[in-house]
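Peer 1: Make a model of this:
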Amino acid sequence: MKTSHQDFGHVTVVTLSGEFTGDDAERFTRDMGDRIASGARDLVFDCENLEFIDSAGLEAMLRLRDRAAERMGQVRLVRPDPNVAKILEITRLGRVFQSHESLESAVRSLR
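Peer 2: Predicted coordinates:
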């Protein structure tokens, strides 16, 4: 999986692409944990180009959601790929992660 991020004050926008599997989970959790420790409170994951996520990837996202919540922050998803959207639906995590159709909408929801 490839990632890139941009910081906008307390909001970090993370673009995810490729496949998010157990091989990526530890590095992802560490990198995002560093972002939170550096002052990011809210995380927005742009999932438009994320083609697949397995249980380890979902678990990593849930852990980050909990870490953000400890700092009164939240996590938003943007444009989940149809495969990822289906996985979120099947696992019922679509109810846990609020999804948006645009980055602007996701960031606005965090103010």
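
Peer 1: rest of the way, CA atoms for contacts and neighbours
Peer 2: OK.

Peer 1: contacting residues for residue 18?
Peer 2: 1, 2, 49, 50, 51, 52 (CA atoms under 8 Å, 6 or more residues apart in numbering).

Peer 1: which element is residue 62 on?
Peer 2: For residue 62, the host element (DSSP states H and E) is helix 55-70.

Peer 1: so residue 50 touches residue 21, yeah?
Peer 2: No: taking contacts as CA atoms under 8 Å, residue 50 lies outside contact range of residue 21: 10.9 Å.

Peer 1: So which of the two has more stuff around it?
Peer 2: residue 50 (23 against 17; other CA atoms under 10 Å).

Peer 1: Give the bridge partners for the more buried one, please.
Peer 2: On the basis of DSSP bridges, residue 50 is bridged to residue 18.

Peer 1: How confident is the prediction for it, by pLDDT?
Peer 2: On pLDDT, residue 50 comes in at 96.

Peer 1: Tell me the helices and strands packed up against the one helix or strand residue 31 maps to.
Peer 2: Using DSSP H and E, residue 31 sits within helix 22-37. Helix 22-37 is packed against helix 55-70, with contacts defined by 3 or more CA pairs under 8 Å, 6 or more residues apart in numbering; DSSP states H and E.

Peer 1: Repeat the analysis, applying 10 Å as the threshold.
Peer 2: strand 2-8, strand 11-20, strand 42-53, helix 55-70 (3 or more CA pairs under 10 Å, 6 or more residues apart in numbering; DSSP states H and E).

Peer 1: OK, contacts around residue 87?
Peer 2: With contacts defined as CA atoms under 10 Å, 6 or more residues apart in numbering, residue 87 is in contact with 52, 53, 54, 55, 58, 81, 93, 94.

Peer 1: I'd like those laid out as TSV, including neighbour count.
Peer 2: TSV is the format used below for the contacts of residue 87 (neighbours: other CA atoms under 10 Å):
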residue	neighbour count
52	21
53	20
54	14
55	14
58	19
81	17
93	14
94	16
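
Peer 1: Spatially central residue for this structure, please.
Peer 2: What sits nearest the mean C-alpha location of the chain, by CA atoms, centre = their mean, is residue 45, with 3.6 Å.
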